[in-house]
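A.B. asks: Quick check, what structure comes out for this input:
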Amino acid sequence: MPGCEAVTRGSLSLATIAGARLCRVVPLVMIAGAPACAEPPVVPVPVVEGPTEPGEPGSPAAWAHAIEFEGGVIMDAIATPDAVAPGDSLRVDVRVQGRADGLRIRAIAWPPRAGARQVAQGGVGAPPWEVPLDPRARVVEQPLALGAEAIAIPVPDPWFPPQLLVTLELLDGDRRVPAIAGPRREDGVAMLALVDVPARPPTVVAAPMPVPPVLDGRIDDPAWIAAEPWPLVHSLDGEPYDERPATVRLGWDAAALYVAAEITDPDIWSEYGRRDDPLWNQEVFELFVFGDAERRDYLELQVSPRGTVFDARFARYREGDEAWNGRWEAAVDLRGTLDDRRDHDEGWSAELAIPWAEICEHTEASCPPSPGQTLRINAFRFERPQGPQGDARPAVGLALAPPRVPDFHAPELAAVLELGGA
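C.D. replies: Below is the predicted model of the structure:
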């Protein structure tokens with residue numbers, strides 16, 4: 001049965017060899033995660049700052065972070081770029097020594113939290129737990145060759161975490177040849193590098209809607225079913241919220257911009273019942289329409305599971321008119337019981353229709369709308385979960401495009417919304 005869970009933590013070791021920046025070495029630290037387990041001894045992989053000239057593996061002049069695999073294959077001269085942008089290709093260079101006959105090399109670009117995860121099952125000495133492949137990871141596999149080896153890994157776009165982790169596996173048929181020396185996970189996967197990924201706004205597409213959706217809170221209109229669901233992720237680090245996921249769909253026609261949110265929530269509640277109540281203090285779905293990335297001329301629209309709405313227009317950053325009541329509309333649909341904190345709900349959904357005339361009056365967006373036109377928006381969800389004993393757990397803020405700062409009014413990293421064509 002599962003026992004303690006260990007989390008890999010990064011320690012940055014920088015070295016320069018022949019003008020190339022080397023990988024950041026990640027020592028592994030085991031941390032007890034379950035009271036039934038004895039805490040295993042802490043045995044980090046040593047971080048050694050070696051000389052800048054290579055020598056024989058194992059000698060004092062060897063590369064500082066060479067990786068040795070079972071059977072004698074050694075990889076060193078590992079180099080990665082300082083940073084890579086979403087949508088670009090990440091190049092990893094290594095030098096291979098030993099043998100290469102029949103072997104393959106597999107490199108993976110991971111979100112760091114997912115790729116560095118380790119779980120010890122059954123206590124110290126138990127077989128390692130296989131880390132599942134994260135859906136955001138990208139895998140490149142190719143035959144192994146002696147000498148210089150270059151691997152190009154595509155970086156997904158969008159990519160929200162501030163870094164990506166590069167791991168490397170050596171394969172002999174279907175068997176993984178474990179790494180036995182150098183920075184590595186307990187399962188024998190080599191840890192090559194942490195690479196910075198500069199923040200960049202994602203682009204999302206609003207589907208054209210030949211027939212406007214019926215505004216009843218249900219995401220069952222044919223146009224919504226055909227529209228792509230965009231996941232909401234943690235607003236600071238871009239990590240998914242697998243426990244209670246949420247998605248947003250976007251659509252448009254000549255009259256309005258349409259937004260549909262589908263939210264998993266086992267405890268649906270909301271106490272506010274009057275328009276412009278401070279809905280953000282409880283559970284709420286929020287939409288910001290910025291027009292552009294400047295901190296001026298934007299709208300903030302909110303709807304709670306109760307169907308209560310809040311709206312405000314802003315001429316400048318956080319200088320808003322909360323007394324303003326727009327002509328936009330919202331509807332919600334509950335899959336559960338509102339305000340019964342003892343039962344188990346499924347969740348709730350919301351639909352919003354914002355007239356273009358209202359958007360263009362209060363933002364920098366231009367009318368009439370047309371296919372290919374872009375503006376800036378962001379969508380947020382505040383989840384305030386209840387603990388097993390009825391206690392309040394910390395609030396969770398989710399975003400369509402993580403602002404990476406605790407400020408939903410920051411438009412710099414808001415999503416670029418493109419109006420799709422037929």
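A.B. asks: quick one: buried residues of stretch 138-150?
C.D. replies: Within stretch 138-150, the residues that count as buried by 16 or more other C-beta atoms under 10 Å are R138, V140, L144, E149. The C-beta positions use only the backbone N, C-alpha and C, and glycine is treated the same way.
A.B. asks: and what of stretch 281-291?
C.D. replies: Neighbour-count burial for stretch 281-291, counted by 16+ other C-beta under 10 Å, picks out Q282, E283, V284, F285, E286, L287, F288, V289, F290, G291.
A.B. asks: Also stretch 212-219?
C.D. replies: The neighbour-count check on stretch 212-219 (16+ other C-beta under 10 Å) flags P212, P213, L215, G217, R218, I219 as buried.
A.B. asks: Identify the residues contacting the nearest residue to the second one once chain neighbours are set aside.
C.D. replies: Distances taken as C-beta to C-beta, 6 or more residues apart in numbering put D221 closest to P213, at 4.2 Å, once the chain neighbours are dropped. Taking C-beta atoms under 8 Å, 6 or more residues apart in numbering as the contact definition, D221 lies against V211, P213, V214.
A.B. asks: what's the spacing between the last one and Q373?
C.D. replies: Distance from V214 to Q373, counting by C-beta to C-beta, to the nearest Å: 25 Å.
A.B. asks: same question, P143
C.D. replies: Distance from P143 to Q373, by C-beta to C-beta: 47 Å.
A.B. asks: cool, P213 as well?
C.D. replies: For P213, the distance to Q373 - C-beta to C-beta - is 20 Å.
A.B. asks: P202 touches L417, doesn't it?
C.D. replies: No. At 9.9 Å, P202 does not count as touching L417 under the criterion of C-beta atoms under 8 Å.
A.B. asks: okay, these two: which has more neighbours?
C.D. replies: The neighbour count for P202 versus L417, taken as other C-beta atoms under 10 Å, is higher for L417 (26 against 19).
A.B. asks: Let me see the contact set for the nearest residue to that one once chain neighbours are set aside.
C.D. replies: Excluding the flanking residues, the one nearest L417 by C-beta to C-beta, 6+ apart is I377, at 4.8 Å. With contact taken as C-beta under 8 Å, 6+ apart, I377 is in contact with L287, F288, V289, F290, L400, A414, A415, L417.
A.B. asks: Let's see that with 6 Å instead.
C.D. replies: Counting by C-beta atoms under 6 Å, 6 or more residues apart in numbering, I377 makes contact with V289, A415, L417.
A.B. asks: same deal with G420?
C.D. replies: So G420 contacts V205, A206, A207, P208 (C-beta under 6 Å, 6+ apart).
A.B. asks: between those residues, which has the most around it?
C.D. replies: Neighbour tally across those (other C-beta under 10 Å): the maximum, 24 neighbours, falls on A206.
A.B. asks: That residue falls within a strand, correct?
C.D. replies: Yes. Looking at A206 with DSSP: H, G, I helix; E, B strand; the rest coil, it is inside a strand.
A.B. asks: hey, what's it bridged with?
C.D. replies: With DSSP bridges as the criterion, A206 is bridged to L419.
A.B. asks: That one against R249, yeah?
C.D. replies: No. Look at A206 against R249 with C-beta atoms under 6 Å: they stay out of range, at 8.8 Å.
A.B. asks: Got the phi and psi for the closest residue to V396 other than its chain neighbours?
C.D. replies: Leaving aside its chain neighbours, V396 sits nearest to E383 (4.3 Å; criterion: C-beta to C-beta, 6+ apart). Backbone torsions of E383, given as degrees, to the nearest 10, read phi -110, psi 130.
A.B. asks: repeat for A223
C.D. replies: phi -70, psi -40.
A.B. asks: What separation is there between it and R376?
C.D. replies: Separation of A223 from R376 (C-beta to C-beta): 23 Å.
A.B. asks: Looking at the two, which one has more neighbours?
C.D. replies: A side-by-side neighbour count of A223 and R376, using other C-beta under 10 Å, places R376 first with 24 against 18.
A.B. asks: Could you give the bridge partners of the more buried one?
C.D. replies: In beta-bridge terms (that is, DSSP bridges), R376 pairs with V416.
A.B. asks: Only the buried residues of stretch 162-178, if you could.
C.D. replies: Within stretch 162-178, the residues scored as buried using 16+ other C-beta under 10 Å are 162-172, 176-178.
A.B. asks: among these, which two are most distant?
C.D. replies: Taking C-beta to C-beta as the measure, the buried residues of stretch 162-178 reach their widest spread between P162 and D172, a distance of 35.0 Å.
A.B. asks: what residues are up against the residue lying closest to P355 once chain neighbours are set aside?
C.D. replies: Spatial nearest neighbour of P355, excluding adjacent residues (C-beta to C-beta, 6+ apart): A256 at 5.1 Å. Counting by C-beta under 6 Å, 6+ apart, A256 touches A353, I354, P355.
A.B. asks: what number of residues lie near the last one?
C.D. replies: In this case it means P355. 16.
A.B. asks: ok, so of the contacts of D221, who is nearest A365?
C.D. replies: P213 (20.8 Å).
A.B. asks: hang on, that closest one is in a strand, isn't it?
C.D. replies: No. Secondary structure of P213 (three-state DSSP): coil, not part of a strand.
A.B. asks: any idea of the pLDDT on it?
C.D. replies: Listed pLDDT for P213 reads 95.
A.B. asks: about what we covered before: now the contacts of I377 as a markdown table including distance to P394 and pLDDT?
C.D. replies: Listed next are the contacts of I377 as a markdown table, based on distance: C-beta to C-beta, whole Å; pLDDT from 0 to 100:
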| residue | distance to P394 | pLDDT |
| --- | --- | --- |
| V289 | 28 | 98 |
| A415 | 25 | 97 |
| L417 | 30 | 97 |
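A.B. asks: Contacts for stretch 355-372 next, please.
C.D. replies: 256, 289, 291-292, 297-299, 313, 326-327, 375, 419, 421.
A.B. asks: Which positions in it come out as buried?
C.D. replies: So stretch 355-372, judged by 16+ other C-beta under 10 Å, has buried residues P355, W356, E358, I359, C360, H362, T363, E364, A365, P369.
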